[in-house]
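Asks: Coordinates for the following, if possible.
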Amino acid sequence: MDAPAHRPHREPPVSPSPAGSAAEHLDVLIVGAGISGIGAARYLKTGMPAKSFAILEARGASGGTWDLFRYPGIRSDSDLHTFGYEFKPWRDEQSIADASRILAYLRQTAAENGLEPHTRYHHKVLGASWSTDRARWTVEVERADTGERTTLTCGWLFCAGGYYRYDEGFTPRFEGLERFGGPVVHPQHWPEELDHAGKRVVVIGSGATAVTLVPAMADTAAHVTMLQRTPTYVVPVPRADPLANTLRKVLGARRGYALTRRKNIARQRLVWRFCQRHPKAARRLIRWVNTRLLPAGYPVDEHFNPPYDPWDQRLCAVPDGDLFRSIREGRASVVTDRIATFTERGVLLESGRELEADVVVTATGLNVQAFGGVRLTVDGREVRLPDALAYKGMMLSGVPNFAFAIGYTNSSWTLKIGLLCEHFCRLLAHMDAHGHDVCRPEPADPGMATRPLLDFGAGYVRRAVDSLPRQGDRMPWLTSLDYHDDVRLLRSGGVADPELRFSRATARTEAKA
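Replies: As a prediction, the model looks like this:
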C-alpha cells in the first residue's frame, strides 16, 4: 500500500464561548461513563446533591469495557454480588455474568439515578491545567465525532476510566505474520463479520480473555487451540450462586444481596490470604482441582502449573469449568510453546511443530494508560506521573483537587470504587464545611521508600510500570488491597490528615479583602 500523502497538521477549531461569557463551569467533572464513572456520579448526586457535575465519555455509548468489548463469551471473572454496586442489588440468576447482562445493569443504574442528562458522549478529554489562584481546572475537550475543541472549567477533576487504553490492545511483534493467509484479530477489536464456525482457531494467550474465548469459540469451531508461552492458574467457579438466589427469594432482593455480598467478600479475602500465606498448599490444591476436571493422564504440569505462586498474577476463573469441559470433549486443546514464525498455514513453534489455523486470535493483553492519557499541568508545570505518589489510592501528591478511581486487582474492582466514591463525597463536604477551595496531598517525608502503584506481576503492568504513579511504604501513601482495611480508612476514618493540605483560592481571598 502506498504511503499517504503528507498533509500539513492543522488543529481542529476551538469552539468560542458566547460573546462575553466564560467557559462553562462545573463543580465536578467525571471522565468516563463506565462502571466507575456511573458509580461516582451516583454517589455524587445522592451524597452531594447541590454539586453540579457532568460525565464526559469519549465514546458514543456508556458502559465502558462492557460496551466496548464484543468478543465471543465476554463475561466478568468476578461475581456480580461484589462486582455490582453496593447500593443496587444484582437480581440476575447468573453470578458470573455475561457482558450483556452487566451492561444492562449499568445502564439501568444510570437511568434510575437520572445520570443520562449529565452524560456527554463523544467528549474526549485531551488535557487539564490547574490554577491555584483560581482554584479550578481548565479542561480541553475534543468532540470525537466532529473534531471540534472546546474548554470547560471545574473545581474537581475525577478520572474514572480505569487504567486500560481503550483504543488499542497489546500485540507483540510476530515473525512472518504477513505470510499467514487467514484473519488475525485482537479481542479488543473484534470484527462483527468474523465467522469461525467450522474453522480451526488458534488463540494466542492464556489470560482471562483467552480462557473465555476458547470454550465460547469451541462451541461452533472445528477445533480451538490455546497457545500459551507460560501456563496460568485456572480455577472453576459456579456461574450461578445457589445460596445467593435462595437468599434473594427468601429475604428479598436487598437483604439477600447484602448477605451474599458479605459472604463473597469474606471468601475473596480468605482465598487471597491463603494463597499469600501458603502458596505451596494453594498450588497443590489448584492442581488437584485441575486434575479432576481434565482427562485421565492429561499433562497438567505442562499446561496448568505456572512458574510463579498463586496470585502473583490474577487467577483466571472459568464458570462451571467450561474450559476444562471443552478440553475433555476434544473440542479444544492447550499447547505450551513459543512461536518461531507464522507460516502460510498457521504458526510454526520453536519445538518444530506447526499449528494449522484458519483464524488466529491474539489474546495477548491490553495496554495500560493512566487517566486515559490526559495531560495534566499544575500552575504551568506538567505533572510527571512517575514522580507522583498515590494518596489513599485515590489522589496524587502535588496535584490539587484531582481524584481517580482504580479498583482492586486481587478481588472485585467495584468494591474499592464504592469506598473511594464515598470518601470523595465526605472530602467535598469537609471542604464546604470549613470554607476550603483547594485540597493538595503532600507527603511529610518526600524521601520515603516507594514501589509501583500497581504492584502486580502481570505483563501488562510490567510494561507500563515506569509511566505510572508510585505508592509509599506507609499510610496514607500505601495503597491497600484489603477491603476491610479500606473500610476503616475510607469509610470510617477521618478526612482531615496532616499530609492533606487545605486552603482557599488566592484570587477569591483577594477579591474579598
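Asks: all strands for the stretch 251-400 of the chain, in order.
Replies: All strands of the stretch 251-400 of the chain, identified by DSSP state E, counting those that start in this stretch, fall at 316-319, 332-336, 339-342, 346-349, 354-356, 359-362, 366-368, 375-378, 381-382, 390-391, 395-396.
Asks: Same question for the stretch 101-250 of the chain.
Replies: So, for the stretch 101-250 of the chain - with DSSP E, counting those that start in this stretch - the strands run 119-121, 123-131, 136-143, 149-159, 164-169, 184-185, 200-204, 223-228, 234-237.
Asks: now do the stretch 401-513 of the chain
Replies: Under DSSP E, counting those that start in this stretch, the stretch 401-513 of the chain gives strands at 402-404, 438-441, 451-452, 470-471, 500-503.
Asks: ok, the third one: who's next to it in the sheet?
Replies: Right, strand 451-452. Using DSSP bridges, the strands paired with strand 451-452 are strand 470-471 (antiparallel).
Asks: Mind checking which residue lies nearest the centre of this protein?
Replies: The residue lying closest to the centre of the chain (Cα atoms, centre = their mean) is Gly162, at 4.4 Å.
Asks: For that one, give me phi and psi.
Replies: As for Gly162, its main-chain torsions (degrees, to the nearest 10) stand at phi 70, psi -150.
Asks: ok, now the one 10 residues further on?
Replies: Geometry field for Pro172 lists phi and psi as phi -70, psi 170, criterion degrees, to the nearest 10.
Asks: Is it in contact with Asn367, as I believe?
Replies: No. If you go by Cβ atoms under 8 Å, Pro172 and Asn367 don't touch, sitting 11.7 Å apart. Where you see a C-beta, it was placed from the backbone N, CA and C, and this is true even at glycine.
Asks: Settle it for me: which of those two has more neighbours?
Replies: Asn367 (17 against 11; other Cβ atoms under 10 Å).
Asks: Pretty sure that one sits against Tyr166.
Replies: No. Using Cβ under 8 Å, Asn367 is not in contact with Tyr166; the gap is 9.3 Å.
Asks: quick one: low-confidence ranges for the stretch 351-500 of the chain?
Replies: 455-461, 463-464 (pLDDT under 70).
Asks: quick one, helices of the stretch 301-450 of the chain?
Replies: 322-328, 413-434 (DSSP state H, counting those that start in this stretch).
Asks: Go through the last one and flag the buried ones.
Replies: If I follow you right, that is helix 413-434. 413-428, 430-431 (16 or more other Cβ atoms under 10 Å).
Asks: can you tell me which helix in this structure is longest?
Replies: Criterion DSSP state H: the longest helix present in the chain is helix 253-277.
Asks: Tell me which other helices or strands that one touches.
Replies: If you count contacts as 3 or more Cβ pairs under 8 Å, 6 or more residues apart in numbering; DSSP states H and E, helix 253-277 packs onto helix 80-83, helix 242-251, helix 279-293, helix 483-486.
Asks: Show me which residues of it are buried.
Replies: Buried-residue list, helix 253-277, by 16+ other Cβ under 10 Å: 256-261, 263-265, 268-269, 271-272, 275.
Asks: For Phe174, give me its contacts.
Replies: 339, 341-342, 362 (Cβ atoms under 8 Å, 6 or more residues apart in numbering).
Asks: In PyMOL, how would I select just the buried ones from those residues?
Replies: Remark: buried members of the contacts of Phe174, expressed as a PyMOL selection using 16+ other Cβ under 10 Å:
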select buried, resi 339+342+362
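Asks: Pretty sure Pro242 is one of the things Ser95 touches, is it not?
Replies: No. Taking Cβ under 8 Å as the definition, Ser95 is not a contact partner of Pro242, at 9.3 Å.
Asks: So between these two, which is more surrounded?
Replies: Ser95 (25 against 10).
Asks: Now do the SS call for Ile30.
Replies: strand (DSSP: H, G, I helix; E, B strand; the rest coil).
Asks: That one and Pro307: what is the separation?
Replies: Distance of Ile30 to Pro307, given as Cβ to Cβ, to the nearest Å: 41 Å.
Asks: okay, those two: which has more neighbours?
Replies: Between Ile30 and Pro307, Ile30 has the larger neighbour count (other Cβ under 10 Å), namely 30 against 7.
Asks: Can you name the residues bridging to the more buried one?
Replies: Beta-bridge partners, per DSSP bridges, of Ile30: Ile55, Phe158.
Asks: Could you number the chain from 15 rather than 1 from now on?
Replies: I'll keep to 15 as the first residue from here, and by that count the last item is Ile44.
Asks: Spatially, what comes nearest to Tyr247 if we skip its sequence neighbours?
Replies: Leu329 (4.9 Å; Cβ to Cβ, 6 or more residues apart in numbering).
Asks: For the one you found, give me its contacts.
Replies: 247-249.
Asks: Including neighbour count and pLDDT, could those residues go into JSON lines?
Replies: Below are the contacts of Leu329 laid out as JSON lines (neighbours: other Cβ atoms under 10 Å; pLDDT from 0 to 100):
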{"residue": "Tyr247", "neighbour count": "24", "pLDDT": "95"}
{"residue": "Val248", "neighbour count": "24", "pLDDT": "96"}
{"residue": "Val249", "neighbour count": "17", "pLDDT": "95"}
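Asks: what's the closest residue to Thr146 other than its chain neighbours sitting at in phi/psi?
Replies: The shortest distance from Thr146 to any non-neighbouring residue, by Cβ to Cβ, 6+ apart, is to Asp393 (5.5 Å). Main-chain torsions, Asp393, degrees, to the nearest 10: phi 50, psi 40.
Asks: show me the contacts for Asp393.
Replies: 144-146.
Asks: By neighbours, which of those wins?
Replies: Neighbour max across these (other Cβ under 10 Å) = Trp144, 23 neighbours.
Asks: dump the residue contacts of that one.
Replies: 150-151, 390-393, 413-416.
Asks: The same query, at a cut-off of 6 Å, please.
Replies: For Trp144, the contact set (Cβ atoms under 6 Å, 6 or more residues apart in numbering) comprises 151, 392, 414.
Asks: Show me the beta-bridge partners of the first one.
Replies: The one in question is Trp151. Trp144, Cys168.
Asks: before we move on, back to that, save the strands of the stretch 265-414 of the chain as JSON lines, and put in distance to Arg157 too.
Replies: Output for those, formatted as JSON lines (distance: least, Cβ to Cβ, whole Å):
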{"stretch": "strand 330-333", "distance to Arg157": "39"}
{"stretch": "strand 346-350", "distance to Arg157": "44"}
{"stretch": "strand 353-356", "distance to Arg157": "40"}
{"stretch": "strand 360-363", "distance to Arg157": "42"}
{"stretch": "strand 368-370", "distance to Arg157": "45"}
{"stretch": "strand 373-376", "distance to Arg157": "32"}
{"stretch": "strand 380-382", "distance to Arg157": "24"}
{"stretch": "strand 389-392", "distance to Arg157": "18"}
{"stretch": "strand 395-396", "distance to Arg157": "25"}
{"stretch": "strand 404-405", "distance to Arg157": "31"}
{"stretch": "strand 409-410", "distance to Arg157": "28"}
